[in-house]
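# Sequence first, then the predicted structure, then my questions.
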Amino acid sequence: MQVIIPGERLRFGMRLVAHAPNGPRLGLLGEPLSWDAGLPLNDVPSLELTYTTHAQGAAWLREPCEVALEYSVDGGAWIEAANSRFLRIKRSGDATDQTGARRYSLPGWAWMLRKLVLYPSLDMVDGKRQFNAVRVGHILTTLISEGAGRGTLPGLGVDFTATHDSAGQPWSAELTIGLEPGTDLLQLLINLSEQGVCDWQMTGRVLQVYNEGTALGRQLAAGPAPVELVLGRDIDQAPDDATLEDAASTILVVGEEGLRVEVTNPGAVAPWGRWEAYQSQGGVKDEGTARLLAGQALERASRERVQFTRQIKPQQARFLPLADYRPGDTIRAPGEEGKLDALRVRQITLSRGDDGVVGGNLTLNDRFLEREIKIARQAAGILNGGVSSGGNGGDPGGDSENRVPAAPTGLLVSPSAYQDDEGYTYGQITVSWVGVTTDINGTPLTVDGYELVGQTPPGTGATRVLAISTSTSVTYSPLEPKSRWQFGVRATNQGTKGLVAGTAVITIPDDETPPHDPSTPQVDSRLGIFRIAWDGFTSSGTGMPRDFARVLVMMRDPLDPADEGHQVEWLERAGTAVVPGQPYHVDREFWLLAIDRSGNLSGASAHVISQAKPLVDTDIIGQVINGATAIIDGTVPANAKITAGTITGGLIQALAINAGHLNANSVTADTIEAGAIQTAHLAAAAITADKIAAGSITASKIDADALNGKIITGPIVRSSATGRRWVLDSSTLDLRFYPSGGSNYSQIYAQDYGGEAAVYLTTNTSFSSQQAQLQVSSGLIRLGMVGNGSPSGGGLDIASTYARYGYSAGSSYSEASIYFDGTGGRWTMKGKVYEWTTSSPNETVCAGSGVLSSGYSGTTITYGPTMLDNMGPIATIRDGARTPNFYWCEDGSSKSGFSLEWSQGGGVYSGKAFYFWSFRHPGSE
């Protein structure tokens, strides 16, 4: 008997497929009650699945198997994404549950990597397997190949080598590391990724490992086509969890041998003043290392910690998970207060519930948290050693005596940069090596300690001892940034200095971390010049970092595409910069860039556009006033008018000017200082309309609230000339609302409609190909999507004689609607019915048809989900025989489907087809 399983009709489809352990595909698990999958970066994914024992494929889940999660976009090919293969290991259920529901907890295939462990070898050092100055691929392939030789994890595949990662790139990191026997492959991968050595994932049964931040760190937030998740379209919920619990502005680091270092971060969030933290750091004797660790700890504690969770809705989204972005990618998504920001995807969680619709959420890290992760990795490397660019090279020198210790092996140097209290940068190195246990002849030897030696410039400077250590690692500072050194380490034995293990040439790093973006400048024009004010804070409201040097005031012509901007001033602290010499009434665009003492530039602040206002009437510049500095001789006759604003009331003696001293019309509105004439100074009816010159009263001369309750006539009234504003146009009877920085306005307007003024509200006016529109008139309310003036999407008509709801895209073939005729009490529907729907258990109608290719005496037809109520199937069978000679009947029905039986005549099953319409109802079966 055949079981027919519907296919998924959603835009973003996901399905489960069973595979034999390390074997072939078994088939679809087409009837899950629900599932929830979490796909993290550099960790083990998980799948929680609920499945009924009555559904097809349940037998596969009764035994160990593999389950693949596949996705499809718009009905295309089904794809198994990375980290989407799971292991049926754990199950639970209740034998009294008549629905047969069983719950399965399936870890990702990577979970099995814990079953491959490192065995001891003959060359153990202090009980550990030692790997000296090797690439990460060498360590991983050694562990995997040894396990394969023992027959462990026969299904595991790899696509990287000892020399190149899974993308074919040479390994960038070198390690000296001792591994305890029993260390498993999964633990090793997680530790390496946490220290920033590599990124990894599973694709099916294949382990893929990459250099950190490369293939699994794609930058999709910039460029001509960024991946951009928008609230309302791609995301419908955006909860944030934030805390200041771990914040601190000062930290005291206590090391060994009485070392005490206090470091303060002036840019830390401190609403209640100074908050302190304490860090006891065993093994640290060097002040530079203590300052480096303290600075890193303060950076992590300098701001409010925020976790971004964004709920996605794949069925409506423009960008889809797994298809368009994956864990590790940096995308644009709503960050603080819903503003779009570059955020890194740390985990994708997808689920399907009882309704059959796929949903999910994202866990995102902002740039601050990503920096904190890198800082934590750097600190781990300083304290534990073992990861570096590494190298070997010339011997900077050494003494030789009897019983000379052998040279250390596996020498690695990790250089870093740190800042002092004044924000000046210095270099620090952490050096690690494998301990010396023999002399140069191979005879066992116990050494006293080790000396770190250095030479700068390499090959020319004198070699000197920089530090002494009794362990196999040492830190040293300060070093000049960008200086070139060659370091070496040698063991000592009762005053006898051993052979030196030398490094390649090391360049001491400088600080490469730019300051945070400055806050938005305040720009205005006074006395014909620009004044640019800055409050001294970052764009997030915190103080600037300790190494902050200045902000650069940048300017450009916003109308000139070739003008990329240039520096016109700078500020060392909060204050105001003055920019003179700019033309009047011409747009100038200003913004700020912060720069630190190492020359690192921040991102730009928000941009501000403004215009310079003239000090005097521009008509007399170059005529009466030469270069705006002096009056040209003979240009101002005795009876000439005085320029507006040059003589104020404070310069005129009381009663010095009588009415007879003034020419007719010599005093205009432009020449009167604001506030100089009060109501008490004017005689009753002294100012009439004929006394006011045309154009002499402008908006700037009207006091706020001066027009309350008055009638304004004229073609256009607007709230501002640019930016976010409204514009009322009486000639077109419309009110427009403009967004900030754009011309894509929404509009409320009126049009003549059957002898009345119908009101319209239209959005997205600049893009007529896709708009939402509301029409209101006495006989019709119409709401819908329009394109170029015609219906283009969903719509609703509520009229006095009819009602219509549905979808129309300008073609009768694509129309789906229901129409109610108010005059005859009739209704009609247009469109097609979905067949084989699996959308939800509360579907009103399930309909379908098909041709049978098996089943001698009948067939079973399933709806997909188990419906919430009883179903009433109405079915028919078509016999393909030339002379139909069989009879049939419906012999069973349930919430999950129904069955048909027929006689053996008529060519058995050849050519038989079925058609059915089944509706959900509350009655008995």
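That came through fine.

# quick one: the helix or strand that residue 17 is a member of to chain centroid distance?
Under the criterion of DSSP states H and E, residue 17 resides in strand 12-19. Distance of strand 12-19 from its chain centroid, counting by Cα atoms, centre = their mean, to the nearest Å, is 27 Å.

# Need the contact partners of it.
8, 25-30, 32, 35, 49, 57, 60-61, 65-73, 75, 78, 80, 85, 314-315, 317, 320, 323, 350, 352, 358 (Cβ atoms under 8 Å, 6 or more residues apart in numbering). From N, CA and C alone the C-beta is placed, and that goes for glycine too.

# Give me the subset of those lying in strands.
Taking DSSP state E as the definition of strands, those contribute 25-28, 32, 35, 49, 66-73, 80, 85, 350, 352, 358.

# what ranges do the helices span in the stretch 351-500 of the chain?
Assigned helices in the stretch 351-500 of the chain, in chain order: 367-384 (criterion: DSSP state H, counting those that start in this stretch).

# how close does residue 257 sit to residue 473?
Residue 257 sits at a distance of 16 Å from residue 473 (criterion: Cβ to Cβ, to the nearest Å).

# When the two are compared, which one has more neighbours?
Set side by side, residue 257 and residue 473 show unequal neighbour counts under other Cβ atoms under 10 Å, the larger going to residue 473 at 21 against 6.

# What residues does residue 190 make contact with?
Contact analysis of residue 190 by Cβ under 8 Å, 6+ apart lists 42-43.

# Assign it to helix, strand or coil.
Look at residue 190: counting by DSSP: H, G, I helix; E, B strand; the rest coil, its state is helix.

# How confident is the prediction for it, by pLDDT?
We note a pLDDT of 86 for residue 190 in this prediction.

# So among the ones in strands among the contacts of strand 12-19, which ones count as buried?
The neighbour-count test (16 or more other Cβ atoms under 10 Å) applied to the ones in strands among the contacts of strand 12-19 identifies 26, 28, 32, 35, 49, 66-73, 80, 85, 350, 352, 358 as buried.

# Tell me what the nearest residue in space to residue 353 that is not next to it in sequence is bridged to.
Leaving aside its chain neighbours, residue 353 sits nearest to residue 34 (5.0 Å; criterion: Cβ to Cβ, 6 or more residues apart in numbering). For residue 34, the beta-bridge partners under DSSP bridges are residue 50.

# Next, count neighbours for residue 34.
When neighbours are counted by other Cβ under 10 Å, residue 34 comes out with 16.

# For it, give its distance to residue 100.
Here the criterion is Cβ to Cβ. By it, residue 34 lies 14 Å from residue 100.

# repeat for residue 25
In terms of Cβ to Cβ, residue 25 sits 24 Å off from residue 100.

# Spatially central residue for this protein, please.
residue 343 (2.2 Å; Cα atoms, centre = their mean).

# ok, that one touching residue 336?
No - under the contact definition of Cβ atoms under 8 Å, residue 343 does not touch residue 336, with a separation of 10.3 Å.

# coming back round to it: so who does the residue nearest to residue 353 touch?
Contacts of residue 34 were listed using Cβ under 8 Å, 6+ apart, and they are 49-50, 351-354.

# just residue 148 next, same as before
With contact set as Cβ under 8 Å, 6+ apart, residue 148 has these partners: 154, 156.

# following whichever helix or strand it is part of, which helix or strand shows up next?
Secondary-structure assignment from DSSP H and E places residue 148 in helix 136-149. As assigned by DSSP H and E, the chain's next helix or strand after helix 136-149 is strand 157-158.

# Which strands or helices does that following strand pack on?
Taking 3 or more Cβ pairs under 8 Å, 6 or more residues apart in numbering; DSSP states H and E as the contact definition, the neighbouring helices and strands of strand 157-158 are helix 136-149, strand 206-211.

# now that strand, how far from the chain's geometric center?
On the basis of Cα atoms, centre = their mean, strand 157-158 is displaced by 31 Å from the centre of the chain it belongs to.

# Now it: average pLDDT?
The average pLDDT within strand 157-158 is 96.

# Heading C-terminal from it, find the next helix or strand.
Sequence-wise, the next helix or strand downstream of strand 157-158 (DSSP H and E) is strand 174-179.

# That next one vs helix 136-149, what angle?
If you take axes from the mean of the first three to the mean of the last three Cα atoms, to 10 degrees, strand 174-179 sits at 40 degrees to helix 136-149.

# Strand 174-179 pairs with which strands?
Within its sheet, and counting by DSSP bridges, strand 174-179 is paired with strand 129-135 (antiparallel), strand 387-388 (antiparallel).

# Which residue ranges of the stretch 151-300 of the chain form strands?
For the stretch 151-300 of the chain, the strands identified by DSSP state E, counting those that start in this stretch occupy 157-158, 174-179, 198-203, 206-211, 235-237, 240-243, 250-254, 260-264, 276-280, in order along the chain.

# Kindly compare burial across these and name the winner.
Using mean count of other Cβ atoms under 10 Å, the stretch among these with the greatest mean number of neighbours is strand 198-203 (a mean of 24).

# Show me what it is packed up against.
Packed against strand 198-203 by the contact rule (3+ Cβ pairs under 8 Å, 6+ apart) you find strand 79-87, helix 185-194, strand 206-211.

# who touches it?
Contacting residues not belonging to strand 198-203 are listed as 41-42, 80, 82-83, 85, 108-110, 136, 165, 173, 189, 192-193, 207-217, 328 [Cβ under 8 Å, 6+ apart].

# what's the least confident helix or strand in this structure, going by average pLDDT?
Of all the helices and strands that make up the chain, the one with the lowest confidence by mean pLDDT, DSSP states H and E is strand 3-4; it has a mean of 40.

# got a list of what the closest residue to residue 219 other than its chain neighbours touches?
Spatial nearest neighbour of residue 219, chain neighbours left out: residue 330 (5.2 Å); criterion: Cβ to Cβ, 6+ apart. Counting by Cβ under 8 Å, 6+ apart, residue 330 touches 217-221, 342-345.
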